[in-house]
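Student: Any chance you can model this:
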Amino acid sequence: MGHSHHHSHQLSGRKLFISIVLNVTITLAQFIGGIISGSLALISDAVHNFSDVISLIISYVANLLTNKKKQTIHHTFGYKRAEIIAAFINSSSLIIIAVFLGIEAVKRLQNPPELESNLVIWLALLAIIANGISVLLLKNDAHHNLNMKAAYLHLISDMLTSVVVLIGGILMKYYQVYWLDGVLTIAISVYLLFMSWHIFKDSLQILMLFAPKNIKIEDIQEELIKIDKIRNIHHVHIWQLNDSDFHFEAHIEFKHDILLSEFDSICKEVEKILAEKFHIHHSYLQPEYDREDIKDFIIQD
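Tutor: This next block holds a predicted model:
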């Protein structure tokens, strides 16, 4: 099982590297083509592609760090947060780029220039093909962690924006509606904001140590109180280390002054409940008996 997991991450790294090479090619071609043709939509697609290159490099490095750097005496969690930080940086950069492009597009709409539409069409086609290959490479890995999902969404959003630029280029070629370039850029900006916000919010919540959205702490309390010897649980903390590791911490007050061996037995029961019903595989439990302290479920530190 362990060998298969490691091989999967090696494969992810290889796919990310191929995607980086493809996106560097697209970025250079579209940026130069955008300047020659005068198309802001093409330049905005190039900027989006450049953000893809940055995001893919960050994702690639994060992937290497997460899987090659193990826990040490100074890094007791290893680099498990690297991919979450990468997802946060990637989504943040997309939001900033989207706002910038939207502002530039509004300025462009006031005085739409004539464009070289043939170049726009061919470069948009190139971007669709290259991004399509990258999307297919990362599709399966995007289901398994937030970092790969962020990289995947970068690529699929860029492929779709290139489709929009292609359609715009065709319409500008045959109908000379050059104002469409600004409108398409605004549409791309709105789409980028929509696609990025979810990942930005999820990664920020993990970095802020918020409780996972899919776990109700009240349900955990209800289940653990069912254990006969437990009087209450309090001073509870629950957080995510990354998109798959959930951690739980609590003080457990017992009804009686139990032996250490009994506590160990109850710990196993608690761990089984947490793992089977809530997918929490890391727990930190502090035993208490007749201690004078605050028994609130959530303590205001």
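
Student: need the strands for this structure, in chain order.
Tutor: Secondary structure of the chain, counting by DSSP state E: strands at 230-240, 246-254, 282-288.

Student: tilt between the first one and strand 246-254?
Tutor: Read that as strand 230-240. 160 degrees (axes from the mean of the first three to the mean of the last three CA atoms, to 10 degrees).

Student: Ignoring the adjacent residues along the chain, who's closest to Lys149?
Tutor: Nearest residue to Lys149, sequence neighbours excluded (CB to CB, 6 or more residues apart in numbering): Ala142, at 4.6 Å. From N, CA and C alone the C-beta is placed, and that goes for glycine too.

Student: what number of residues lie near the one you found?
Tutor: The local packing count at Ala142 equals 19, with neighbours defined by other CB atoms under 10 Å.

Student: just checking, Trp179 touches Pro112?
Tutor: Yes - counting by CB atoms under 8 Å, Trp179 does reach Pro112; the two are 4.2 Å apart.

Student: and for those two, which residues touch both?
Tutor: Listed as contacting both Trp179 and Pro112 by CB atoms under 8 Å, 6 or more residues apart in numbering is no residue at all.

Student: State the distance from Glu292 to Gly132.
Tutor: 65 Å (CB to CB, to the nearest Å).

Student: Compare the two and say which one has the larger neighbour count.
Tutor: Applying other CB under 10 Å to Glu292 and Gly132 shows that Gly132 carries more neighbours, namely 16 against 5.

Student: Could you list which residues are in contact with that one?
Tutor: Counted by CB under 8 Å, 6+ apart, Gly132 has contacts Met159.

Student: Looks like Ile215 contacts His247 (just checking).
Tutor: No - contact between Ile215 and His247 fails when scored by CB under 8 Å: they sit 11.1 Å apart.

Student: check contacts around Lys173.
Tutor: Shown in contact with Lys173 (CB under 8 Å, 6+ apart): 117-118, 121.

Student: can you give me how far stretch 24-34 is from the chain middle?
Tutor: 26 Å (CA atoms, centre = their mean, to the nearest Å).

Student: cool, and stretch 77-88?
Tutor: Centroid separation for stretch 77-88 versus its chain: 10 Å, with CA atoms, centre = their mean.

Student: Render the CA-only coordinates of it in CSV, please.
Tutor: Only the C-alpha atoms of stretch 77-88 are listed here, as CSV (Å, rounded to 0.1, in the frame of the first residue of the first chain):
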residue,chain,number,x,y,z
PHE,A,77,4.8,17.5,10.9
GLY,A,78,7.2,17.4,8.0
TYR,A,79,6.1,19.5,5.0
LYS,A,80,2.5,18.4,5.0
ARG,A,81,1.3,22.0,4.8
ALA,A,82,3.3,22.8,1.7
GLU,A,83,0.5,21.9,-0.7
ILE,A,84,-2.1,23.9,1.2
ILE,A,85,0.2,27.0,1.1
ALA,A,86,0.7,26.4,-2.6
ALA,A,87,-3.1,26.2,-3.1
PHE,A,88,-3.5,29.5,-1.2
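
Student: buried residues in it?
Tutor: By neighbour count on 16 or more other CB atoms under 10 Å, the buried set for stretch 77-88 is 78-88.

Student: Leaving out the residues flanking it, which one is nearest to Tyr60?
Tutor: Sequence neighbours aside, Leu16 is the residue nearest to Tyr60 in space, at 4.4 Å (criterion: CB to CB, 6+ apart).

Student: so how many other residues sit close to the one you found?
Tutor: 25.

Student: Please give me every residue in contact with it.
Tutor: 56, 59-60, 63, 138, 151.

Student: most neighbours, which of the residues you listed?
Tutor: Result: Ala151 is most packed of these (other CB under 10 Å), 32 neighbours.

Student: contacting residues around that residue?
Tutor: If you count contacts by CB under 8 Å, 6+ apart, Ala151 has them with 16, 19, 55-56, 59, 90, 138, 142.

Student: In helices, which of the residues you listed appear?
Tutor: The helices, defined by DSSP state H, take in 16, 19, 55-56, 59, 90, 138 from those.

Student: Adding pLDDT, write those out as TSV.
Tutor: Below are those laid out as TSV (pLDDT from 0 to 100):
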residue	pLDDT
Leu16	78
Ser19	82
Ser55	72
Leu56	78
Ser59	72
Asn90	78
Leu138	80
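
Student: any idea which of those is closest to Ser162?
Tutor: Ranked by distance to Ser162 (CB to CB), the ones in helices among the contacts of Ala151 are led by Ser19 at 14.7 Å.

Student: ok, the residue nearest to Lys149 - contacts?
Tutor: Here Ala142 is in contact with 148-149, 151-153 (CB under 8 Å, 6+ apart).

Student: Equivalent analysis for Leu138, please.
Tutor: 12, 15-16, 19, 148, 151-152, 155.

Student: Fine, thanks again, bye for now.
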